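**Student:** the following comprises the amino acid sequence and a computationally predicted model.
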Amino acid sequence: MRFRVCIPIGLFLLLILFPAPAPAGVADRIMAVVNKDVIALSDVQKYREVFEERRDANDAAVLNELIDQKLLLTEAKKLEILPPSDDDIAQVYQKLRRRFGRPETFELLKARLVLTDAEIEQQIKQRLLIDKLIEQRINFFVFVTPEEIETFYQEHLGEFKNQTPEAARKTIAEIRAAEKAQQKLKDYIDRLRAKADIRINRPPPE
């Protein structure tokens with residue numbers, strides 16, 4: 001026996017003309033696919049408003065950052081980097097909350113973005129895991145020789161006139177180490193990108 005469901009014509013027209021709205025604060029479309037892993041516009045928006053510290057970062061910059069993170073996260077898992085502890089995640093979460101001032105401000109932002117605590121904790125966990133990868137695979141292998149420090153010091157004496165020679169050389173060592181680490185990380189990411197399948201969905205022209 002077959003049954004037929006009868007929908008009143010008025011209700012049918014309402015369903016067609018006024019479909020159920022999407023959740024507030026979330027706009028979605030595929031921005032990129034990284035090795036079959038999708039990055040949606042909502043991912044970019046949530047990351048930019050909650051985690052991004054650069055105030056001038058646009059969607060394109062945040063998208064590139066998320067692509068790099070996915071590649072580095074894959075490497076961290078492949079190399080079996082130990083995940084951060086629950087305490088480490090909780091500390092970073094509390095620091096993140098304080099950055100927004102009043103607790104109500106942070107809660108309203110989460111509600112607008114349809115963002116859960118579990119999602120925030122997962123993002124923090126991934127970022128801490130990537131930090132451990134960078135520390136173990138990049139920063140650990142950065143060396144600044146005494147000759148480099150001395151050459152830099154002699155070529156920039158005017159910049160360190162308010163520091164003792166010892167303090168100036170320590171500052172130079174830190175500066176050069178940071179510069180080298182940044183370049184090594186860029187080269188590392190470039191190699192990962194060259195091997196990855198990355199497809200970016202360009203936005204339509206305005």
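**Tutor:** All right, it came through fine.

**Student:** please list all residues in contact with the residue nearest to Y188 when sequence neighbours are not counted.
**Tutor:** Spatial nearest neighbour of Y188, excluding adjacent residues (C-beta to C-beta, 6 or more residues apart in numbering): I138 at 6.3 Å. Yep, even glycine has a C-beta here, placed from its N, CA and C like the rest. Counting by C-beta atoms under 8 Å, 6 or more residues apart in numbering, I138 touches A181, K184, L185, Y188.

**Student:** how about the residues you listed in JSON lines, adding neighbour count, secondary structure and distance to K36?
**Tutor:** Converted to JSON lines, these look like this (neighbours: other C-beta atoms under 10 Å; DSSP: H, G, I helix; E, B strand; the rest coil; distance: C-beta to C-beta, whole Å):
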{"residue": "A181", "neighbour count": "17", "secondary structure": "helix", "distance to K36": "30"}
{"residue": "K184", "neighbour count": "16", "secondary structure": "helix", "distance to K36": "28"}
{"residue": "L185", "neighbour count": "17", "secondary structure": "helix", "distance to K36": "25"}
{"residue": "Y188", "neighbour count": "18", "secondary structure": "helix", "distance to K36": "22"}
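
**Student:** now do the residue nearest to Y188, the pLDDT please.
**Tutor:** Confidence at I138, expressed as pLDDT, is 95.

**Student:** distance of it from Q182?
**Tutor:** Distance of I138 to Q182, computed by C-beta to C-beta, to the nearest Å: 9 Å.
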